[in-house]
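A.B. asks: okay, here's the prediction I keep looking at, along with the sequence it came from:
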Amino acid sequence: MASYVAAIDQGTTSTRCMIFDRGGRVVAVNQKEHRQIFPKAGWVEHDPTEIWNNVRQVCAGALASADLVTGDIAACGITNQRETTVVWEKATGKPVYNAIVWQDTRTDAIVNQLGAEEGQNRFQEKTGLPLATYFSGPKVKWVLDNVDGIRERAEKGELLFGNMDTWVLWNSTGGPDGGLHVTDPTNASRTLLMDLETLQWDPDICAEIGIPMSMLPEIRSSSEVYGHFRERGVFAGVPIAGILGDQQAATFGQACLSPGEAKNTYGTGNFVLLNTGTERVISRNGLLTTVGYKIGNNDTVYCLEGSIAVTGSLVQWMRDNLGLIGSAPEIEQVARTVEDNGGAYFVPAFSGLFAPHWRSDARGAIVGLTRYVNRGNLARAVLEATAFQTREVIEAMNADSGVPLKSLKVDGGMVVNELLMQFQADILGVPVIRPVVNETTALGAAYAAGLAVGFWESEVDIRSNWAKDKQWDPMMTEEVREKEYANWKKAVTKTFDWVD
């Protein structure tokens with residue numbers, strides 16, 4: 001009898017496979033990084049073929065590391081970096097261009113053109129999203145407009161589009177030989193093309209952006225058996241039974257299953273999601289309305305989301321571009337050599353500013369520099385930038401929902417940084433809580449797949465599996481908290497209007 005559920009977590013910097021037992025505990029993990037391709041300033045790409053090869057390697061590696069066989073796996077879920085866009089040939093599976101990553105800003109002119117007359121919120125009532133370079137739809141249009149001969153082929157029905165969940169599923173289930181062209185509502189809600197109420201592609205918006213609907217995958221629920229892994233290769237015959245975009249997967253894995261519950265994932269970027277239940281709350285404060293999850297035939301659950309583009313990737317930038325630290329974990333040691341930021345504030349608007357500002361004209365800045373500031377102060381400023389940006393989003397969330405946050409569940413790679421977690425509690429003024437399993441993205445996808453095949457019976461199992469590892473309570477005085485936050489807000493204004 002199969003005793004485990006697997007999840008493929010196709011992220012921004014790496015792909016991994018994780019295997020979980022019934023208690024939601026990690027049994028095996030295998031991970032492989034992929035190249036980050038930067039053809040021009042503001043452009044970010046991945047090689048989809050490299051990523052698909054990595055998927056197969058990490059799945060085999062996870063099985064081998066735990067001495068398991070395919071028959072031990074009841075089902076597999078997929079979670080993925082959202083908005084990252086692939087267009088490929090239906091007949092061959094060959095991508096017509098590299099994957100355009102969610103951070104990429106090349107579609108700025110397209111976005112401005114789409115909003116020229118009706119403004120940034122032109123499609124917000126239907127899609128829950130502002131016009132921004134972040135989303136998949138404008139990226140698809142860029143490929144169709146800029147790769148020779150591609151638009152004509154798309155209009156003939158020869159090309160397919162998908163976010164990374166669809167790319168992985170299509171290849172896993174056979175590719176050109178019968179591969180399933182499917183996505184779920186959490187990923188579809190990030191394209192700027194889906195009606196949030198009907199959970200279907202909106203033909204009027206597709207026409208206005210200029211995307212043939214024949215390219216688009218079928219939208220199915222987040223938890224059902226879509227198909228099975230192809231008979232040749234790793235996981236042969238295992239059901240693929242869950243798809244959740246990475247941040248929705250983390251929300252599900254954190255057991256934020258009731259209205260008012262929220263989590264924050266600290267990864268390449270930061271993503272705060274607040275469960276609003278079956279109600280679609282259209283934000284008036286710069287947040288996104290998104291599908292949280294849809295389990296089988298159950299009602300759709302929605303979320304408010306605050307998306308922050310650059311957090312963990314700022315630590316990587318400090319390591320790779322400046323050489324100020326030798327490894328990502330070292331930043332905490334360096335930051336602890338000083339008591340504060342020395343008056344320096346780092347606003348990492350490398351890809352513009354996401355929520356709640358949505359300013360694609362912004363670019364990164366370090367302000368408040370004096371001769372006093374040293375490497376330790378800069379390390380603190382890098383970590384504090386993550387916490388300050390999170391507070392901006394939480395304040396917008398409180399305003400939209402009318403329910404002040406009482407505590408914040410956290411997960412992702414950066415939550416091992418205890419200095420950051422304490423500062424986050426300080427600057428928010430509420431407790432910050434880390435679970436025992438802090439990589440909840442893969443766990444959420446595993447839960448979705450396991451529910452579909454009866455491995456877990458209900459969401460009650462998910463709640464009972466969740467356990468607290470550590471809690472940080474605020475220690476900063478209100479006076480210091482508000483002074484620091486005011487300085488941050490002032491620093492943010494210095495990044496505006498940099499790109500004409």
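C.D. replies: Here it is on my side, so go on.

A.B. asks: roughly how far does Asp320 sit from Ala328?
C.D. replies: In this view, Asp320 and Ala328 are 10 Å apart by C-beta to C-beta, to the nearest Å. Backbone N, C-alpha and C define where each C-beta goes, glycine included.

A.B. asks: and those two? Which one has more around it.
C.D. replies: Ala328 (17 against 12; other C-beta atoms under 10 Å).

A.B. asks: which secondary structure state is assigned to that one?
C.D. replies: Secondary structure, DSSP: H, G, I helix; E, B strand; the rest coil: Ala328 is coil.

A.B. asks: contacting residues for it?
C.D. replies: Gly312, Val315, Gln316, Arg319, Gly413 (C-beta atoms under 8 Å, 6 or more residues apart in numbering).

A.B. asks: in JSON lines, list the residues you listed along with pLDDT and neighbour count.
C.D. replies: Shown next, in JSON lines, are the contacts of Ala328 (pLDDT from 0 to 100; neighbours: other C-beta atoms under 10 Å):
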{"residue": "Gly312", "pLDDT": "90", "neighbour count": "21"}
{"residue": "Val315", "pLDDT": "93", "neighbour count": "28"}
{"residue": "Gln316", "pLDDT": "91", "neighbour count": "15"}
{"residue": "Arg319", "pLDDT": "94", "neighbour count": "16"}
{"residue": "Gly413", "pLDDT": "85", "neighbour count": "19"}
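
A.B. asks: wait, which of those residues is closest to Val58?
C.D. replies: Of all the contacts of Ala328, Gly413 has the smallest distance to Val58: 16.5 Å, by C-beta to C-beta.

A.B. asks: hmm, Val315 and that closest one touching each other?
C.D. replies: No - taking C-beta atoms under 8 Å as the definition, Gly413 is not a contact partner of Val315, at 9.4 Å.

A.B. asks: and the closest residue to Ile394 other than its chain neighbours, which of the three is it?
C.D. replies: Distances taken as C-beta to C-beta, 6 or more residues apart in numbering put Leu405 closest to Ile394, at 5.6 Å, once the chain neighbours are dropped. In three-state terms, and counting by three-state DSSP, Leu405 is coil.

A.B. asks: what does Val143 give?
C.D. replies: Under three-state DSSP, Val143 falls in the helix class.

A.B. asks: okay, now it: neighbour count?
C.D. replies: Using other C-beta under 10 Å, the number of residues around Val143 comes to 22.

A.B. asks: might you report the residue contacts of the residue sitting furthest away from the middle of the chain?
C.D. replies: Ranked by distance from the centre of the chain (C-alpha atoms, centre = their mean), the top residue is Arg371, with 37.9 Å. By C-beta under 8 Å, 6+ apart, the contact list for Arg371 is empty.

A.B. asks: got phi/psi on it?
C.D. replies: phi -60, psi -20 (degrees, to the nearest 10).

A.B. asks: is it correct that Ser172 is in contact with Arg230?
C.D. replies: Yes - Ser172 lies in contact with Arg230 (C-beta under 8 Å); the separation is 6.8 Å.

A.B. asks: looking at the two, which is more packed in?
C.D. replies: Neighbours were counted for Ser172 and for Arg230 using other C-beta under 10 Å; Ser172 has more, 27 against 18.

A.B. asks: tell me, what's the model's pLDDT at the more buried one?
C.D. replies: pLDDT for Ser172: 96.

A.B. asks: spatially, which two of the contacts of Ala328 are the most separated?
C.D. replies: Of all pairs in the contacts of Ala328, the most separated under C-beta to C-beta is Arg319 and Gly413 at 13.4 Å.

A.B. asks: ok, now which ones touch Val393?
C.D. replies: Contacts were defined as C-beta under 8 Å, 6+ apart; by that measure Val393 touches Asn270, Val272, Leu287, Gly306, Ile308, Ala355, Pro356.

A.B. asks: ok so, going back, relative to Glu484, how far out is the residue farthest from the centre of the chain?
C.D. replies: Taking C-beta to C-beta, one finds Arg371 at 21 Å from Glu484.
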